[in-house]
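Asks: Just to be clear, the model below is a prediction. Sequence and coordinates:
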Amino acid sequence: MATLAAASAAVSIEVENPATGEIIGPVPDLSAAAVADAAARGRAAQPAWEALGYGGRAAIMRRMQRWIMDHADEIVATISAETGKAYEDALLAEINYGAAAFGFWAKEAPTYLADTRIRTAQPLVAGKRLIQRYRPMGLIGVIGPWNYPLTNSFGDCIPALAAGNSVLLKPSEYTPFTSLQLAEGLLSCGLPADVFQVLTGRGETGAAIIDEVDMIMFTGSTATGRKVGVRAAERLIPASLELGGKDPMIVLADADVERAATHATYYSMLNAGQTCISIERVYVEAPIYDDFVARVTTKVSRLRQGVPMGPGSVDVGALTFPPQVDIVERHVSEALAAGARALTGGKRPDRPGNWYPPTVLVDVDHDMAIMREETFGPTMPVMKVADAEEAIRLANDSDYGLSGSVFGKDLARAEAVARRLEVGAVNVNDAVVNYTALELPMGGAKPGSGIGRRHGKEGITKYCRQQSVLISRMHLRHDVHT
């Protein structure tokens, strides 16, 4: 691979296992010159990749789908080593997504990007053929996050490739090995050289990619997303930004409390809470508040946290990003100092690695950072509300608007509440699983959560330019001539 070949000429980054602190290995911190060279090779390779057509590209993508499943244990081992996440989190949320995505985009790209016949009432173009079509942008840049190195980093490259683009991927410097492993898989499945390149490095490498590509896809923090958006705007290139979330869960008085408590536990602690659409705050109507709190406290207290050692070894792993542990600790300690109570967890352990225990907080309010800022850790703050109106008001009292969920047995009422949440995606009697429906677009509804969409038609057309085509038959007698 070009990236690995450049390692000797680049400053190295030592990648750590966040669960143990051990060094996994080095990757190069590539310079702007190395990025420019990769971009030139990607552009040179793209026309032939586009010319291969949907069928040719789909054949390679379906081989890659099988490759992921055949190498699932190896990929999970890599993901767990560099993220610290539990085996099941890596298998269910990453391997299954990656395999499904290759099959989905191989099948749906021709449909989503098919020519569309346009009809018009304009008499000046009567009898002419009007077509809207899509063409690949050319060279796409993807800057990925550390929390899901396959799903939200490598995964964003899949529709871009299916559309006929070349792609430069900069994974997080904390989790680069998954992307490098998958790049080798693509080559073994027949992807032409330089169509997909993994460029490892820190922020400067990502900035250099923005300066070279025709469109940028970024997933990460709101603060960094703003910088990416500004740099893209200076070049007048499109940017799709999937940023922060402070996703609310509303539990109505008629909810199935056991189901709600189970979902709250699982989807607040999934990947140690490091999921952009995980449950970050819970509002429970007063009549069932005590019952709900008792159930989630029992469930969360039983979760096993530790170093992943294979299937069934732990429920919750480590936090991947060292500074994130500081944020989680600050949010919890400030809440406790302001009157909140930790019913389980609530104290950072003294041990090697990046750890914070699964924590349930009560007696919280909206003056606390843990209810307003993105925590991105294994915490569940639960707040009692008088009724659904208060829950909706508080849920919408946020700079973020990525996802949310509502639980209630009266489906009409629960859906009515869900439709009033100012989020880009909402679940009724469920959470997070909307992301697995690749036909269903998802993205932010407020600036803090970004712009653009993943999945569905918009998830691939964003990697394309639109072209309008008008075709006149030569024998028409009533054309307008100048």
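Replies: Received, thanks.
Asks: Wait, a helix at residue 427?
Replies: No - checked against DSSP: H, G, I helix; E, B strand; the rest coil, residue 427 lies outside a helix; its state is strand.
Asks: Count the residues that sit near it.
Replies: Residue 427: 22 surrounding residues under other C-beta atoms under 10 Å. Using the backbone N, CA and C atoms, a C-beta is placed for each residue, glycine as well.
Asks: all numbers from here: first residue = 21
Replies: Sure, I'll start counting at 21 from here, so that last one is residue 447.
Asks: In contact with the spatially most central residue of the chain, which residues?
Replies: When C-alpha atoms, centre = their mean is applied to the chain, the residue found nearest the centroid is residue 172 (3.9 Å). Counting by C-beta atoms under 8 Å, 6 or more residues apart in numbering, residue 172 touches 164-165, 239, 262, 296.
Asks: Please report the distance of it from residue 239.
Replies: For residue 172, the distance to residue 239 equals 5 Å [C-beta to C-beta, to the nearest Å].
Asks: what touches both of those two?
Replies: Joint contacts of residue 172 and residue 239 (C-beta under 8 Å, 6+ apart) are 164-165, 262, 296.
Asks: Closest one of those to residue 476?
Replies: residue 262 (14.0 Å; C-beta to C-beta).
Asks: Which pLDDT does the model give the nearest residue to that closest one once chain neighbours are set aside?
Replies: In space, and not counting its chain neighbours, residue 262 is closest to residue 239: 4.5 Å by C-beta to C-beta, 6 or more residues apart in numbering. Note on residue 239: pLDDT of 98.
Asks: which residues does residue 239 contact?
Replies: Shown in contact with residue 239 (C-beta under 8 Å, 6+ apart): 163-165, 172-173, 176, 261-263, 296.
Asks: quick one: which of the contacts of residue 172 has the most company?
Replies: residue 164 (29 neighbours).
Asks: Do I have it right that that one meets residue 187?
Replies: No - using C-beta atoms under 8 Å, residue 164 is not in contact with residue 187; the gap is 11.2 Å.
Asks: Pull up the overlap in contacts between those two.
Replies: Residues touching both residue 164 and residue 187 by C-beta under 8 Å, 6+ apart: none at all.
Asks: List phi and psi for the residue nearest to residue 44 when sequence neighbours are not counted.
Replies: In this structure, residue 44 finds its nearest non-sequential neighbour in residue 35, 4.7 Å apart by C-beta to C-beta, 6+ apart. Dihedral pair for residue 35: phi -100, psi 130, per degrees, to the nearest 10.
Asks: Quick check: beta-bridge partners of residue 35?
Replies: Note on residue 35: beta-bridge partners residue 45, judged by DSSP bridges.
Asks: what's near enough to touch it?
Replies: Taking C-beta under 8 Å, 6+ apart, one finds 43-47, 102, 193-197 in contact with residue 35.
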